[in-house]
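Got a sequence here, can you model it:
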Amino acid sequence: MAKFNVAGVSFIAGDVEKILEKHYKNRSLSIESYFTSNRPQQYSKYPIFSTESVKLMAEPENEYDKNAIQVLIDDVVVGYVPKTLTGEIHKELENENKYKAIIKADLKHRFDIEITTL
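Down below sits the predicted model:
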């Protein structure tokens, strides 16, 4: 699978902020979750964050899209797989693939989350 950006992050940016704050306060050396530097990004108080604590979970009860797939980091919903990729990702869910997320801040002080398969 190619990498993709998580959809709907702007609607739950507060939860993303809480995840970053938790990891920033408890910065320990971890292979699964870490900040890529000690310097904050230009538009955020946090450095770029990388984590393997990512789950993709089908949400068939979603009232807007029966094929929706949630993206969770640290068991917190941070958005959704873009609708154009849900067919491909549903097939991957059967393989129980592992994923990595990179969280960056953008110009408007929102977060961009990029997911890749490990």
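
Could I get the buried residue list for whichever strand or helix holds L56?
Using DSSP states H and E, L56 falls within strand 54-58. Neighbour-count burial for strand 54-58, counted by 16 or more other CB atoms under 10 Å, picks out V54, L56, A58. From N, CA and C alone the C-beta is placed, and that goes for glycine too.

Using JSON lines, lay out these together with pLDDT and distance to Y34.
Listed next are the buried residues of strand 54-58 as JSON lines, based on pLDDT from 0 to 100; distance: CB to CB, whole Å:
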{"residue": "V54", "pLDDT": "96", "distance to Y34": "14"}
{"residue": "L56", "pLDDT": "96", "distance to Y34": "21"}
{"residue": "A58", "pLDDT": "95", "distance to Y34": "29"}
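
which secondary structure elements does the strand holding L56 contact?
strand 69-73, helix 86-94, strand 99-105 (3 or more CB pairs under 8 Å, 6 or more residues apart in numbering; DSSP states H and E).

Which residues does that strand contact?
For strand 54-58, the surrounding residues in contact (CB atoms under 8 Å, 6 or more residues apart in numbering) are 67-73, 75, 81, 89-90, 92-93, 98-101, 115.

Next, the angle from the top helix by length along the chain to strand 69-73.
Taking DSSP state H as the criterion, the chain has its longest helix at helix 13-25. Interaxial angle, helix 13-25 versus strand 69-73 (axes from the mean of the first three to the mean of the last three CA atoms, to 10 degrees): 30 degrees.

For helix 13-25, name the packing helices and strands.
Using 3+ CB pairs under 8 Å, 6+ apart: helix 13-25 touches strand 33-35, strand 49-51, strand 76-80, strand 99-105, strand 111-117.

Could you export these as CSV, including mean neighbour count and distance to Q42?
Listed next are the helices and strands packed on helix 13-25 as CSV, based on neighbours: other CB atoms under 10 Å; distance: least, CB to CB, whole Å:
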stretch, mean neighbour count, distance to Q42
strand 33-35, 18, 15
strand 49-51, 20, 15
strand 76-80, 20, 22
strand 99-105, 20, 8
strand 111-117, 18, 13
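
tell me, which of those is the model least confident about?
With a mean of 85, strand 33-35 has the lowest mean pLDDT of these.

so what secondary structure elements neighbour it?
By 3+ CB pairs under 8 Å, 6+ apart, strand 33-35 packs against helix 13-25, strand 49-51.

Please consider this matter closed, and thank you.
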